[in-house]
Every structure is written in C-alpha cells, then in structure tokens.
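*Asks:* return atomic coordinates for the entry below.
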Amino acid sequence: MEGVIDFAMREILTESGSYDHAVTEFIRVNDHLLSKSSFHKYSPELLKGGQTKSGTSVYIQLLGQHKDWMAENAYRAWEVGAPGIDLNFGCPARTVNNHKGGSILLREPDVVHGIVKAVRQAVPDAIPVTVKMRLGYEDKTLAIENALAIEEAGASSLAVHARTKLEGYKPPAHWHWIAKIAKRVKIPIIANGDIWCREDAFKCVQASGCQDIMIGRGGLSLPNLADVISKDEKPLSWQNACALIVKFAGARRDGKNANFVPNRIKQWLSYLKREYPEAEDLFGQIKKFRDQDKMITVINRNYL
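*Replies:* I've put the predicted structure just below:
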C-alpha cells in the first residue's frame, strides 16, 4: 500500500488492537545500504519499540531484486529495531515491475528463493521473515512453485494475494487458488484479496482453507474493518470516519510540503467512496484545494 499506509494511517487503523501486525509501505532496495534515518522515516515506530501505540508490531517491508543488498538492508532494519521483515513480491505497479521489483520476480522462482534465503540468513532466527506474493505475473502456472521456493528458503509465513499481476485488482479474487497452495506447503498461509466486509472474510476463509487473512484496501475503505470482522462491530459511521480524517491530517501536518497532506486526504477519500457515498460529495468540495486547513474547515463545518 505504497503512498497510503504511512505511520499516521497505521496508528489510526491499529488503534483498537485487532491486527496481529502491520507492515510499512515498501522500501525500495537498489544497490546500496540505506541509512538508519531512512528506516526511521518509513517507520517512526522503530523509535518506540517497533510498535504502534496500541502495541501492534510493525514489520519493515522491503522490495528489490538484488539478494545481497536485500540481505544487507534487512540486517540494517533489524539493527534499528524492526520486529519483523516482510518481503514484497506482490506489487503490480508498472514502474516497479519495469525496474524488476515486485510481482515480476514471480516469473523466476529461483530468484525469489535466493532473495528470501539471503534475508532469512541475514537476520536472527527469532525475527520473522514474512513474504507477500501474487498468484503469478502473466498466469498462475508458477504459483505453487513460487510458494514452495519461498517455504524452502526459510520464510516464516506467506501471504497470497489471490490474483496475478495482469489481473490487477479486477474481481474476483481466486481464493480457491490459495487453497491449492496451502495444501502443498507447511508454513502458515495468509489469504488476501477482495475482503471488504465480514461476510467476505468468512467466505475467504472457507474458500482458501486459511484461518488468517490480510486486509489492505478494505481497511482503508472501512477504517474499523478489522473490528467488524473479529468483533462483529457495526461499520464506522461517516461522521466518525470524518473525525479520523481530521486526526490523520493533524498527525501528518508537514510544513516542508504544503501539498502532502491534501494529496493524502484525497487519496484516502478515493478508498472511502466504496463504503461511504458521502465521501464522493466531500471530494467534490475539496478536490481543488491545496490547503490542508481549508479542507479541515469544510469537514468540520459540514460533517462534524
């Protein structure tokens, strides 16, 4: 969830403690060792025990193709306090794939294996090394082979987004394919894709055979989705969702880039539209604004 799930959003979404752990936006690894301050930028939680205020652990997510540099940076992440390392083989973004990162690596299971193994060997055994993948790049023919490679390389668990790169985010998610993978590997498998409500979660569990699920876009669309699923709570009201937008804006106020917070709010509204029709109206009122305070004034005046 690059560009969306930053530290302020993680703080908001994990506040009730319903998530087992969260991951950072992906940190791109090229041909050098990142500074400690780079990791702190992506995950200020590192300065607080690697957790949000609710006590939810935040794993550092790395994305890259060079196994040695991935290993070096995984070790650096552990040095600065990461409670876990997550490896991204799922990103479908064209720019990322064109630079040989994310889901395009699923065309080469041996490369995936090498990266996971190098990272696993670089950090202490007690540190989880989790992996996220899709069912494949062009098709699903290598789905099981990739999963077996990831397991053999020593991953602690594997989250599977139930679509290929070419399928993008178009429904449906092929949860039954996750079941095929789960039958072949022994490490914990976590199901992901098209989980928008409590009913979706139970259907996914049934179809995939997995007891654990991962939510991303669904959590942005319905901020208390984890509580709706695990505690059978009612969906958050639009008024309370607006209060979270105001809270997010306050946490991310950045004087160095005046457009940063307004752009993030607009991004979030694009997800909230799925659950709240009112989000479309709010977006229409503020879409031309570049001033954070003007946006918040509109929200306070019309919705709170």
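
*Asks:* can you pull out the helices in the stretch 201-304 of the chain?
*Replies:* 217-221, 225-231, 238-251, 260-272, 278-286, 292-303 (DSSP state H, counting those that start in this stretch).

*Asks:* strands of the stretch 101-250 of the chain, start to end?
*Replies:* When secondary structure is read from DSSP state E, counting those that start in this stretch, the stretch 101-250 of the chain shows strands at 129-136, 157-164, 189-192, 212-214.

*Asks:* dump those to a markdown table, plus mean neighbour count, distance to K180 and mean pLDDT.
*Replies:* Heads up, the C-betas are built off the backbone N, CA and C, glycines and all. Formatted as a markdown table, the strands of the stretch 101-250 of the chain follow (neighbours: other Cβ atoms under 10 Å; distance: least, Cβ to Cβ, whole Å; pLDDT from 0 to 100):
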| stretch | mean neighbour count | distance to K180 | mean pLDDT |
| --- | --- | --- | --- |
| strand 129-136 | 26 | 9 | 98 |
| strand 157-164 | 24 | 10 | 98 |
| strand 189-192 | 24 | 10 | 98 |
| strand 212-214 | 19 | 17 | 98 |
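
*Asks:* how about these in TSV, adding distance to N146?
*Replies:* Output for these, formatted as TSV (distance: least, Cβ to Cβ, whole Å):
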stretch	distance to N146
strand 129-136	6
strand 157-164	9
strand 189-192	12
strand 212-214	17
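
*Asks:* one step back: among the helices of the stretch 201-304 of the chain, which is nearest G55?
*Replies:* Nearest to G55 among the helices of the stretch 201-304 of the chain is helix 225-231 (14.2 Å), distances taken as Cβ to Cβ.

*Asks:* quick one: buried residues of the closest one?
*Replies:* L225, A226, D227, V228, I229 (16 or more other Cβ atoms under 10 Å).

*Asks:* nearest to S43, of those?
*Replies:* A226 (19.8 Å).

*Asks:* residues touching the closest one, list them.
*Replies:* L13, S16, S18, Y19, I215, G219 (Cβ atoms under 8 Å, 6 or more residues apart in numbering).

*Asks:* ok, the closest residue to the first one other than its chain neighbours - contacts?
*Replies:* Read it as L13. Distance criterion Cβ to Cβ, 6 or more residues apart in numbering; nearest residue to L13, sequence neighbours excluded, is G219 at 5.4 Å. For G219, the contacting residues are L13, L225, A226, by Cβ under 8 Å, 6+ apart.

*Asks:* then R76?
*Replies:* By Cβ under 8 Å, 6+ apart, the neighbours of R76 are L33, L34, K36, F39.

*Asks:* looking at those, which are in strands?
*Replies:* Among the contacts of R76, the subset assigned to strands under DSSP state E is empty.

*Asks:* only whichever of these are buried, select them in PyMOL.
*Replies:* A single PyMOL command selects the buried members of the contacts of R76 (16+ other Cβ under 10 Å):
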select buried, resi 34+39
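
*Asks:* now, which of the contacts of R76 sits nearest N146?
*Replies:* The closest of the contacts of R76 to N146 turns out to be L34 (Cβ to Cβ; 26.2 Å).

*Asks:* which residues touch the closest one?
*Replies:* Listed by Cβ under 8 Å, 6+ apart, the contact partners of L34 are I27, N73, R76.

*Asks:* compare the contacts of A226 and tell me which is most surrounded.
*Replies:* Sorting those by how many neighbours each has (other Cβ atoms under 10 Å) puts G219 first, at 25 neighbours.
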